[in-house]
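Peer 1: Any chance you could fold what I've pasted below:
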Amino acid sequence: MQSHFEMTPALVHDYYQRNGAFLRREHAAGNPAVTSVEDTLSQLDERTDGMKAVLQRVYTRWAQGLKA
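Peer 2: Take a look at the predicted model:
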């Protein structure tokens, strides 16, 4: 499993603008690592807001281990 908590709606749209044709071909060919464009863009704002919340918790926890 892979995740990119840093993604924003603008980054996702840019990624699909640049790589959409390839990703559509891969999805159509049955590549299990590629989701459909429609699924990826579905509720994108809500999902990226959730990822931002997780990212904040991850970095807060990580920063607690840093020494001044």
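
Peer 1: So what touches whichever helix or strand E46 is part of?
Peer 2: Counting by DSSP states H and E, the element that carries E46 is helix 44-64. The list of residues contacting helix 44-64 from outside it, by C-beta atoms under 8 Å, 6 or more residues apart in numbering, reads 3-9, 12. Every residue, glycine included, has its C-beta placed from N, CA and C.

Peer 1: cool, stretch 5-12 as well?
Peer 2: Under the criterion C-beta under 8 Å, 6+ apart, external residues in contact with stretch 5-12 comprise 40-41, 44-45, 48, 51-52, 54-55, 58.

Peer 1: that older thread, mind giving me the ChimeraX command for buried ones among the contacts of helix 44-64?
Peer 2: Selecting only the buried entries of these in ChimeraX, with 16 or more other C-beta atoms under 10 Å as the criterion:
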select :7,12
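
Peer 1: one step back: for the contacts of stretch 5-12, name the two members farthest from one another.
Peer 2: Greatest spatial distance in these: L41 and V58, 24.3 Å, computed using C-beta to C-beta.

Peer 1: Those two: who's more crowded?
Peer 2: With neighbours defined as other C-beta atoms under 10 Å, L41 and V58 compare such that L41 has more, 14 against 11.
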